[in-house]
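Trainee: when you get a sec, could you give me coordinates for this:
(chains A and B)
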Amino acid sequence: MVELKLSKKEEYMKLTAEQITSRTPFSEFWRKFKKQKLAFISFFFVVFLILLAAIGPYVAPYDISEPDYDSVLLGPSAEHWAGTDAYGRDIFSRIVAGTQISLFVGLSSVLLGAIGGTVFGLLAGYYGKWVDRIIMRICDVLLAFPGILLAIGIIAILGPGLGNVVIAVAIFSIPVFARIVRSSTLAVKSTLYVEATKSIGAKPSRIIWKHIFPGTVSSIIVYFTMRIGSAILTAASLSFLGLGAQPPTPEWGAMLSGGRDYLNIAPHVTLFPGLAIFITVLAFNLLGDGLRDALDPKIKD
Amino acid sequence: MLRFLTKRLLEIIPILLVVSILIFLFVHMIPGDPARLVAGEDATLEDVELVRKELGLDKPLHEQYINYMANLVKGDLGTSLKTKRPVTEEVFERFMPTFWLTFWSMVWAVVIGLIIGVVSATKRNKWQDYLGMFGAVSGLSLPSFWLGLMLIQLFAVTLGWFPSGGMESWKSYILPSFTLGTGVAAVVARFTRSSLMDVLKEDYIRTGRSKGLSEGKVVWGHGLRNAMIPVVTMTGLQFGFLLGGSVVIETVFSWPGLGKLLIDSVAYRDYPVIQAEMLIFALEFILINLIVDLLYGVLNPQIRYE
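Mentor: Numbers count the residues shown, from 1 in each chain, chains lettered A, B, ... in the order given. You can find the predicted model right below:
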């Protein structure tokens, strides 16, 4: 009995020793991430979507803008997998070609918001005092408007259009990122190694970018992924309301809006673009959840 | 408590001030001349100047702001460009339909979200948990306008159980409030699960179990009560999400509320109405956040308002 226990303990010790020497932060992350099956699948689906965004318009089986009045509002069939719309255009082809629009809007708006929010969050967290107070009050004011309403207000000023949707969604992402980066900055700032760097007289800009920023990256990545899904949803909602992409564009929200008038006779015109939005957003959300659990288990919803 | 309330109210004042300035400046940020917009496309130059004087747009900006605030206090939000009626009247009529829609959405979202969250937390890593959490992440990923249209297609067009739009009887509330509440139900479910799982690790839960309390009493009586504190905050913040979502859902269901009015006004470039709506939504949101803060204290006696 005693021997058995010892050998188990030895085995365990050997294992951990090996693991300690072989594990880099990345392999540690990869090991945890692979365990999240749904997130792992979503990762490959997102890669597939990015590829589709690049080649979509070239692989779409039908012309996406040429009307075909002989085949109007046809249901799904072997020829037209998702049926045709009110102008006889193949819906499947338009969804494939529209992938790049949704991904571009989602990625670029969150990227702009993340960059702005990160700079403000680092400054507020590092300098504290009045810098912190001013930046956080601006965030409070921006957060006083519920997300999509702020976007609608901005679009009411700038005018409808996809580019303005990107700007609007980016602006309301800034305060969210600023708050998150600020709180991680405060945590990293009080660590020993930052204190040490400060004591040897490093410049603030060097401390912020070389020492504090890397410590906040994991939470930025997690929120970045989680925000993409909601950015795509918001952009699609705005296009649905007629404030974003305008009709001939194969944007999913705009396509869906065009199908509203035919809901009684041809529900597939609304069904398939909506499914495309749902699956895309679901993939980004599952990926975000998986990254959160693997990178930063402290963050919750 | 009174001191905390005063402190929070004082904190809100600068935010309100900046919000009001932003909303006041809104009309000036729009490209083009506001006086020409009000006067109409084919007004003569004299007409435009007359309108400018009438609206006080010829005065310096700070004077205009003071006038704007003075009118605001009197409850005068200007005249709608589209209907030529006072904006206050227009907005007032639309307030209650939106209020009841968001209210019922919140009620069902909290009930369903709590049930899913508690089941998921107590059946951790079993099929109930996986199903509940997959349902929640799906709920977060659903485009609400699409869900609404699909529900109309199924329950209004095909089955004819509920009306497809408008606000006539209690039946009219079912589809829109379900659609609007789905996202919030998902957030409540996820948050309740993680919060309850944290609480169930605590010592007093072990004490409860070891003194022979039933599992139901432990979870619902001791666990959930403490787990609710962060859930209440999170749920309160979701009110903003509901207000935003109502804009989209009211358009889908032709609901005669503030959200539909906003979209119609943006399409018509009816700036006084847009301005008033932004103000109301921001005020509502700030007020709700304040109530949530106070509620937090009622639920959590550990917090001292000093």
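Trainee: now do the same contact list for residue 65.
Mentor: Let's take chain A. For residue A:65, the residues meeting the contact criterion (Cβ atoms under 8 Å, 6 or more residues apart in numbering or on different chains) are A:89, A:248. Bear in mind the C-beta positions are built from the backbone N, C-alpha and C, glycine included.
Trainee: right idea, wrong chain: chain B
Mentor: Counting by Cβ under 8 Å, 6+ apart, residue B:65 touches B:21, B:24.
Trainee: and if we set it to 6 Å?
Mentor: Each residue near residue B:65 by Cβ atoms under 6 Å, 6 or more residues apart in numbering or on different chains is listed here: residue B:24.
Trainee: please, which helix or strand holds it?
Mentor: Using DSSP states H and E, residue B:65 falls within helix B:61-73.
Trainee: pull out the buried positions in that helix.
Mentor: B:64, B:68, B:72 (16 or more other Cβ atoms under 10 Å in any protein chain shown).
Trainee: and the residue nearest the centre of the chain?
Mentor: Using chain A. The geometric centre of chain A, computed from its C-alpha atoms, lies nearest to residue A:228 (Cα atoms, centre = their mean), at 1.9 Å.
Trainee: sorry, I should have been clearer: chain B.
Mentor: Judging by Cα atoms, centre = their mean, chain B has its centre closest to residue B:243, at 2.6 Å.
Trainee: confidence score at that one?
Mentor: Looking at residue B:243, its pLDDT reads 83.
Trainee: thought it was touching residue A:146?
Mentor: Yes - the pair residue B:243 / residue A:146 is scored as a contact, 4.8 Å apart, by Cβ atoms under 6 Å.
Trainee: just the buried positions in the host helix or strand of residue B:186, please.
Mentor: Per DSSP H and E, residue B:186 falls inside helix B:171-199. For helix B:171-199, a neighbour-count test (16+ other Cβ under 10 Å) marks B:172-197, B:199 as buried.
Trainee: helices along the stretch 101-250 of chain B, start to end?
Mentor: Secondary structure of the stretch 101-250 of chain B (DSSP state H, counting those that start in this stretch): helices at B:127-141, B:144-151, B:171-199, B:203-210, B:215-216, B:224-252.
Trainee: if you could redo that for chain A, that was the one I meant.
Mentor: With helices called from DSSP state H, chain A shows them at A:2-22, A:25-35, A:37-59, A:91-127, A:129-143, A:147-158, A:162-189, A:192-199, A:204-206, A:213-240, A:252-259, A:268-295.
Trainee: packed most tightly, which of those helices would that be?
Mentor: helix A:252-259 (a mean of 25; mean count of other Cβ atoms under 10 Å in any protein chain shown).
Trainee: so what secondary structure elements neighbour that one?
Mentor: Secondary-structure packing of helix A:252-259 (3 or more Cβ pairs under 6 Å, 6 or more residues apart in numbering or on different chains; DSSP states H and E): helix A:213-240, helix A:268-295.
Trainee: can you name the residue of chain B nearest to chain A?
Mentor: As assessed by Cβ to the nearest Cβ, chain A sits closest to residue B:146 within chain B, at 3.2 Å.
Trainee: model confidence for residue 294, exactly?
Mentor: In the absence of a named chain, chain A is used. 81.
Trainee: wait, chain B was what I had in mind.
Mentor: For residue B:294, the predicted pLDDT is 78.
Trainee: nearest residue to it in space, please, no chain neighbours.
Mentor: Computed as Cβ to Cβ, 6 or more residues apart in numbering or on different chains, the closest residue to residue B:294 that is not its neighbour in sequence is residue B:5, at 7.1 Å.
Trainee: can you tell me the element the one you found falls in?
Mentor: Per DSSP H and E, residue B:5 falls inside helix B:2-29.
Trainee: what residues does the stretch 101-250 of chain A put near chain B?
Mentor: A:140-141, A:144-149, A:153, A:156-157, A:233, A:236-237, A:240-241 (Cβ under 6 Å from any Cβ of the partner chain).
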